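Student: Dropping a prediction and its sequence here:
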Amino acid sequence: MQTPLKITFHDVSLSEALEQHIREKAAKLEELYPRISGCQVTVELPHKHKTQGKRFNVRVGVRVPGSEIAVNHQQDEDVYIALRDAFDAARRGLEDHARMQRGDIKHHASQDRTGE
């Protein structure tokens, strides 16, 4: 990664294991798309709701040449599941971006409906 990974925690106690898990997930994104120029991950625990319990929000922003892929508010009561879901969505965004760069976009043939 050209720019170092930036990890931010809001109202979440910093854990070395959690930080290492995030670094591993970011490294897998870089294996998928080596031209990543930056990645920012934010893990937060918003105000607790009586009915919902504590739900972690994870935001992942990945900068690539010509675009930025942003995944917002992947929520779950387990921070590791929230991270998994957010990074999975970021991976899909990177795959879509790579397909667009290669020109592998699906073009749907227009249907002639004049005869109906």
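Tutor: Good, I have the coordinates.
Student: Mind listing the residues bridging to Gly38?
Tutor: Arg63 (DSSP bridges).
Student: Contacts only, for Arg55.
Tutor: Arg55 makes contact with 45-46, 49, 75-77, 82 under the criterion C-beta atoms under 8 Å, 6 or more residues apart in numbering. Where C-beta positions appear, they are placed from N, C-alpha and C, glycine not excepted.
Student: now, which of those residues sits nearest Arg23?
Tutor: Arg23 has its nearest neighbour among the contacts of Arg55 in Ala82, at 16.3 Å by C-beta to C-beta.
Student: Give the buried residues for the longest helix anywhere in the chain.
Tutor: For the chain, the longest helix by residue count, based on DSSP state H, is helix 79-102. Using 16 or more other C-beta atoms under 10 Å as the test for burial, helix 79-102 gives 79, 82-84, 86-87, 89-91, 93-94, 97.
Student: Now do that helix: distance to the chain's middle.
Tutor: The chain centroid and the centroid of helix 79-102 are separated by 5 Å under C-alpha atoms, centre = their mean, to the nearest Å.
Student: and the contacts of Arg55, which two are the farthest apart?
Tutor: His49 and Ala82 (15.6 Å).
Student: Spatially nearest residue to the residue nearest to the spatial centre of the chain, not counting backbone neighbours?
Tutor: In the chain, the residue lying closest to the centroid (C-alpha atoms, centre = their mean) is Ala90, at 3.1 Å. Among residues not flanking Ala90 along the chain, Val60 sits closest, at 4.5 Å (C-beta to C-beta, 6 or more residues apart in numbering).
Student: And Leu18, by the same measure?
Tutor: Using C-beta to C-beta, 6+ apart, the closest residue to Leu18 is Val79 (6.7 Å).
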